[in-house]
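Q: below is the sequence, then the predicted model.
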Amino acid sequence: MPGKSKGGGLEAGPGRADGHPVEKVYFRCQRCAKCCRWPGFVRVTNDEITAIARYLGIDEDAFIQQYTRLRPGRDGLALVDKPNGECFFLDGNACTLQPVKPGQCRDFPNGWNFPGWRDVCEAIPIKMP
Ligand code: SF4
Ligand code: SF4
């Protein structure tokens with residue numbers, strides 16, 4: 001299972017084959033932080049690394065050395081985890097990187113999700129006008 005706002009494939013939205021319009025739904029996060037505790041990888045881009053290092057007030061190379069790890073496939077970097085498996089930057093149920101958290105975190109579950117995500121995420125569906 002992908003985790004921690006941690007990467008995975010986008011699940012297809014509800015489709016209708018009968019020609020009726022598809023209801024638009026936005027999922028409102030309840031800040032349960034479960035997605036920060038799932039196993040997986042929180043991808044960080046170069047721009048995100050720059051922003052996070054600046055936010056933390058530390059050198060970019062030092063941030064990379066201390067707080068990132070190679071992703072499987074060696075195709076980029078991810079944030080490190082705590083020994084208990086949750087994201088290193090989770091404090092209680094709060095993200096200590098909130099203003100600069102990676103897009104992967106910001107975009108879940110509306111921008112991307114995975115089959116079965118509704119079973120493990122407490123976001124509430126809000127009907128869009
Ligand atoms: S409601 Fe869903 S998206 Fe929000 S913190 Fe919980 S698991 Fe993450
Ligand atoms: S960076 Fe923040 S939002 Fe993303 S997994 Fe870590 S604690 Fe959660």
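A: Yep, that arrived. Numbering: from 1, shown residues only. Ligands and ions are numbered 1, 2, ... in the order given.

Q: then stretch 30-40 to CSV, C-alphas only?
A: Included here for stretch 30-40 are C-alpha records, laid out as CSV according to Å, rounded to 0.1, in the frame of the first residue of the first chain:
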residue,chain,number,x,y,z
GLN,A,30,-9.9,15.7,8.9
ARG,A,31,-6.2,15.9,9.9
CYS,A,32,-6.2,12.5,11.4
ALA,A,33,-2.6,12.1,10.1
LYS,A,34,-3.1,8.5,9.1
CYS,A,35,-1.5,9.3,5.8
CYS,A,36,1.6,10.5,7.5
ARG,A,37,1.9,7.1,9.2
TRP,A,38,1.4,4.7,6.4
PRO,A,39,4.3,2.8,5.0
GLY,A,40,5.7,4.3,1.8
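
Q: just checking, residue 101 touches residue 94?
A: No. Checked against C-beta atoms under 8 Å, the pair residue 101 and residue 94 is beyond contact range at 10.9 Å. (C-beta placed from N, C-alpha, C; glycine too.)

Q: the more surrounded of these two?
A: Shown here are residue 101 and residue 94; by other C-beta atoms under 10 Å, residue 101 has more neighbours (22 against 12).

Q: tell me the contacts of the more buried one?
A: 89, 95 (C-beta atoms under 8 Å, 6 or more residues apart in numbering).

Q: in the chain, which spans are strands?
A: Ranges of strands in the chain, per DSSP state E, are 25-28, 43-44, 68-70, 77-79, 90-91, 94-95, 124-127.

Q: quick one: closest of these to residue 37.
A: With C-beta to C-beta, the closest approach to residue 37 among those belongs to strand 90-91: 7.2 Å.

Q: in its sheet, which strands sit next to the closest one, and in what direction?
A: strand 94-95 (antiparallel) (DSSP bridges).

Q: and ligand 2, is the strand it pairs with touching that?
A: Yes. Using C-beta under 6 Å from any ligand atom, strand 94-95 reaches ligand 2 at residue 95.

Q: what's the mean pLDDT across that strand?
A: Taken as a whole, strand 94-95 has an average pLDDT of 98.

Q: tell me if it is near ligand 1.
A: No. Strand 94-95 does not reach ligand 1 (C-beta under 6 Å from any ligand atom); its nearest approach is 9.0 Å.
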